[in-house]
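Asks: prediction below, plus the sequence it came from.
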Amino acid sequence: MAARRIGILTGGGDVPGLNSVIKSVVYNATEIGCEVIGIRRGWEGLTHMRRAEALSAGGRLDPDYIRPLDRTNTRTIDRSGGTTLHTSRTNPSRMPTKRLPPTLTPERAATMQVSDDVYDLTPLVLDNIEYLGLDYLVTIGGDDTLSYSKVLDRTGVPLIAIPKTMDNDVQGTEYCVGFSSAITRAKELITRQRTTLGSHERIGVFRIFGRDAGFSALYTAYVTSARCVIPEAPFDLERLTNVLVEDKRANPSRYSFVIASEGAIWRGGQLAEYGETDSFGHRHKVDVGSALADEIKKRSGEEAVSSELTYDLRSGDPDSLDTMVAITFANIAVDLIREGGITGRMIGVQDGKYTHVPIPEPGNPRKVDVDTMYDLERFRPQYHNRLGRPLLLGASLGVDAGARAMGEPVLAG
């Protein structure tokens with residue numbers, strides 16, 4: 001076991017379950033004699049941390065960005081949501097001028113400039129990893145965080161990644177930390193709001209996360225017996241409107257609703273984007289919920305309202321499944337570190353079993369298999385022909401057959 005100091009960070013959006021990963025890494029790493037260093041605010045911690053004199057000479061860690069973790073200060077963090085290490089959407093390989101670290105000299109910055117307003121601070125990140133004496137990194141995030149993990153992996157940094165996202169769209173795994181809690185929360189919110197829709201006899205549109213993939217909307221529809229629209233299947237707006245009107249008239253409570261992924265769009269339609277582009281190339285999409293509710297009202301004459309669910313889904317503590325998966329992902333990560341020589345891997349689930357796969361290539365999110373998981377005519381999940389399918393209904397992409405069989409199914413049965 002060569003590793004003696006492990007760095008851990010969380011990047012991108014927060015989800016329930018992150019603190020369970022952090023705590024479990026700390027508890028298991030200290031059992032094998034490793035020290036754990038928490039890197040605050042995601043990749044920003046490795047670009048903006050301030051250095052004191054050499055650590056070997058007793059230099060002090062920057063408390064704004066670097067936090068030693070032990071069993072005492074992580075003992076209760078798994079009882080709450082969010083991330084105790086905090087997070088950011090920082091991409092060190094595409095840092096704009098206005099976000100350069102204040103400690104970076106103009107001369108050093110010039111050596112890392114790749115265009116007029118973009119800097120690749122990877123050399124600085126590598127310097128800071130060396131300064132901190134990190135033997136391994138554990139990075140927890142979605143596609144954006146994992147994309148920079150891939151960059152560091154290619155430079156030779158020993159690294160294990162753990163996928164987290166409410167969209168559940170990371171390639172190579174059927175499950176990401178945060179997904180179950182998001183679906184559980186969405187089901188609770190929609191169940192409560194049904195009473196208001198029924199009281200006012202309205203058509204409801206619930207907007208949910210899912211810029212590129214419709215897993216969140218699809219699974220929420222699955223457990224609420226609802227209609228849904230997803231990015232993978234541009235839909236016929238007139239047909240959806242007619243279906244929702246028919247649902248409303250057939251319902252004794254005189255309401256109906258549809259769950260819309262934020263990236264869903266009707267045929268011939270286009271949702272504008274707004275705001276600044278972030279360092280991973282993303283802009284905010286105009287609210288599909290409001291736009292869809294307006295279109296339904298125009299076409300049907302029925303009162304239609306939209307409800308924004310997105311940020312409620314990532315708040316609060318994790319449910320039992322997310323807690324269990326988070327703990328297990330963390331344990332497997334430390335197991336790989338203990339074995340030594342295993343790096344550039346992401347913990348995941350394939351065929352309902354825990355495994356590890358190569359860190360996925362960026363910009364290629366996992367998508368809903370429309371043929372087997374979505375009913376285009378009825379705007380519903382497919383409920384039939386489930387025998388032999390994975391627990392979470394859809395297979396992962398980018399299967400790495402050589403790394404299968406890490407353990408037992410996620411849930412037996």
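Replies: Yep, that arrived.

Asks: you'd agree residue 149 is up against residue 159?
Replies: Yes: assessed by CB atoms under 8 Å, residue 149 is found in contact with residue 159 at 5.8 Å. Bear in mind the C-beta positions are built from the backbone N, C-alpha and C, glycine included.

Asks: any shared contact partners between these two?
Replies: Residues touching both residue 149 and residue 159 by CB atoms under 8 Å, 6 or more residues apart in numbering: 137, 139, 359.

Asks: ok, of those residues, which one's closest to residue 94?
Replies: Residue 94 has its nearest neighbour among the shared contacts of residue 149 and residue 159 in residue 139, at 17.1 Å by CB to CB.

Asks: count of neighbours near the closest one?
Replies: 27 (other CB atoms under 10 Å).

Asks: quick check, central residue of the protein?
Replies: Taking CA atoms, centre = their mean, the centroid of the chain lies closest to residue 165, which sits 1.6 Å from it.

Asks: for residue 203, list the residues it contacts.
Replies: If a contact means CB under 8 Å, 6+ apart, then residue 203 has 197, 244-245, 248, 255-258, 293, 296-297, 300, 302-305 as its contacts.

Asks: one more pass at 6 Å, please.
Replies: Going by CB atoms under 6 Å, 6 or more residues apart in numbering, residue 203 touches 244, 248, 256, 296, 302, 304.

Asks: point out where the protein drops to low pLDDT.
Replies: Along the chain, segments meeting pLDDT under 70 span 1-3, 53-59, 269-286, 393-394, 397-413.

Asks: list the ones among the contacts of residue 203 that fall in helices.
Replies: Members of those lying in helices (criterion: DSSP state H): 244, 248, 296.

Asks: what sits against residue 9?
Replies: Taking CB under 6 Å, 6+ apart, one finds 39, 42, 139 in contact with residue 9.

Asks: sort out which of the residues you listed are in helices and list them.
Replies: Judged by DSSP H, those include no members of helices.

Asks: going by distance to residue 112, which of the residues you listed wins?
Replies: residue 42 (19.0 Å).

Asks: just give the closest residue to the closest one, not the sequence neighbours.
Replies: Excluding its sequence neighbours, the residue lying closest to residue 42 (CB to CB, 6 or more residues apart in numbering) is residue 11, at 3.4 Å.

Asks: what about that neighbour, how many residues nearby?
Replies: Neighbours of residue 11 under the rule other CB under 10 Å: 28.

Asks: ok, now residue 333?
Replies: Residue 333 has 29 neighbouring residues, counting by other CB under 10 Å.

Asks: tell me how far it lies from residue 355.
Replies: Counting by CB to CB, to the nearest Å, the gap from residue 333 to residue 355 is 12 Å.

Asks: since we're on the closest residue to residue 255 other than its chain neighbours, how many residues are nearby?
Replies: Nearest non-adjacent residue to residue 255, counting by CB to CB, 6+ apart: residue 197, 3.9 Å away. Counted by other CB under 10 Å, the residues lying close to residue 197 total 23.

Asks: same deal with residue 374?
Replies: For residue 374, the neighbour count with other CB under 10 Å is 23.

Asks: which of the three states applies to residue 268?
Replies: What DSSP: H, G, I helix; E, B strand; the rest coil gives for residue 268 is coil.

Asks: correction: the previous question concerned residue 182.
Replies: Here residue 182 takes the helix state, with states given by three-state DSSP.

Asks: what is the neighbour count of it?
Replies: The burial metric for residue 182, expressed as a neighbour count using other CB under 10 Å, is 30.
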